[in-house]
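S.K.: No sequence on hand, only this structure:
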């Protein structure tokens, strides 16, 4: 494939005009970044190329010939591979089976050649820079970040003609991101066309050859990397400059709100101790598998732990269940909202009202009108689009889904500690800024924030203190105003010791 060109693509869903006039081209060995706010039409456009949707109007040309891509199978035959934001691996199948699904190697007598399958799968995983991965293990046993890497390995296994990457680094740390970028350069050198969707403008400016900006379903800007700047991209996407990304950091000298002492779970969490003060934003950094999310899940009661003490506001929580944690005042915005944060086939009202039913009930009877009023006020404050309580979550953009998750916990009665695990994953820059302001505002009211993020600038820009985890333990603590990304990475990766 020498060139692919999209001409005036229009897509209508019922009364919704998702794409109005999307036009751009990409050439052999080129990486074109597709940028825009949530709801700009990026994912819809990519799904048309992947064959999962057909355009209402417009045309696709491949090497100068008009081409109709009616099905994913047809896209596959054209050499088009897509890595979606949502994981598509089958969790009960092994990594090897997922990578070669539909193309399992067989012996001369027609049986699956397991030895060859495992060897070839291991080679594909190692080609991404991942070592010591047992490809015979079920994919569902691995972290979300590792599953994302497996998704990428599956897509690039056959050296595609066109590779579509939709927010591929959303759950990856810098180490995994660097491995992906190295592999992208190899694919480009082979002539693969890459369409890359990302809200992380720094990485777009680092790896893109050209940048296309969509706004309200229309291509508004096309530029080369040399012409682009962060400010220009932001202005193009949101129509206004964003002068200050992070709100001013106010001092937090409150009393201890949450005390965690010697929290342990064999092979997962190793003797973790820390304190969180009222009104403090305590950041947690670490590579994938460092134990960050596992500590938070134990605090909330989503996972059990073997030993240790958790004390909230002077009261000890003994091996809490989620209901106990919520009653004590702990909310939890989970890392993977679509798996354990939302009921995707329910509407905004039911999702946002889940944690606050006690506020809108009379005895065992839910006052639906009161719930509706409560939820409407909160999602209005968060600028949910569309502002429709009957809207099904599965049909909303990632940024708007995240706003519903936040609304759910902000409406919970007696909130004292809010755990935020990757709160801006898959969220556009304008929504990120609003979430940052919200986090700072919550801290100003005395709520303690536990913030996990794979984006180090995010933690450095928001947190009062930063804990670095490695192998299930807290190995370092930093003042964000006296450290930098390099120092945090050295602690997280144990680079100096490894070098020695």
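M.R.: Now that the structure is in, tell me what you want to look at. Since this is a predicted model, take the numbers as computed values, not measurements.

S.K.: where does the residue most central in space within the chain fall, phi/psi-wise?
M.R.: For the chain, the residue whose C-alpha lies nearest the mean C-alpha position (C-alpha atoms, centre = their mean) is residue 425; its distance is 3.3 Å. Comment: the main-chain dihedrals of residue 425 come out as phi -60, psi 130, following degrees, to the nearest 10.

S.K.: In terms of pLDDT, where does it sit?
M.R.: pLDDT, residue 425: 80.

S.K.: I figured it was touching residue 171, is that so?
M.R.: Yes. Counting by C-beta atoms under 8 Å, residue 425 touches residue 171, with 6.4 Å between them. Yep, even glycine has a C-beta here, placed from its N, CA and C like the rest.

S.K.: For these two, list the residues in contact with both.
M.R.: Listed as contacting both residue 425 and residue 171 by C-beta atoms under 8 Å, 6 or more residues apart in numbering are residue 335.

S.K.: Let's verify the residue nearest to residue 211 when sequence neighbours are not counted: helix, strand, or coil?
M.R.: The shortest distance from residue 211 to any residue other than its chain neighbours is 4.8 Å, reached at residue 33 (C-beta to C-beta, 6 or more residues apart in numbering). Put simply, residue 33 is strand when judged by DSSP: H, G, I helix; E, B strand; the rest coil.

S.K.: what about residue 33, how many neighbours?
M.R.: Burial measure for residue 33: 25 neighbouring residues, criterion other C-beta atoms under 10 Å.

S.K.: Report the separation between it and residue 355.
M.R.: Using C-beta to C-beta, to the nearest Å, one gets 37 Å for the distance from residue 33 to residue 355.

S.K.: same deal with residue 399?
M.R.: Residue 399 sits 20 Å away from residue 355 when distances are taken as C-beta to C-beta.

S.K.: Below-threshold pLDDT in this structure: ranges please.
M.R.: Under the criterion pLDDT under 70, the flagged ranges of the chain are 240-243, 495-500.

S.K.: Please enumerate the helices of the stretch 351-500 of the chain.
M.R.: Using DSSP state H, counting those that start in this stretch, the helices found in the stretch 351-500 of the chain span residues 368-381, 398-410, 429-444, 456-462, 485-493, 495-499.

S.K.: Now tell me what touches the third one from outside.
M.R.: Contacts to helix 429-444, defined as C-beta under 8 Å, 6+ apart, come from residues 37-38, 199, 201, 234, 237-238, 242, 245-250, 252, 279-281, 382-383, 399, 402-403, 406, 410, 418, 420, 423-424, 427, 449, 451, 458, 461-462.

S.K.: Now do that helix against strand 31-35, angle only.
M.R.: For the pair helix 429-444 and strand 31-35, the angle between their directions (axes from the mean of the first three to the mean of the last three C-alpha atoms, to 10 degrees) equals 50 degrees.

S.K.: Buried residues in helix 429-444, which are they?
M.R.: With burial defined by 16 or more other C-beta atoms under 10 Å, the residues of helix 429-444 counted as buried are 429-436, 438-440, 442-443.
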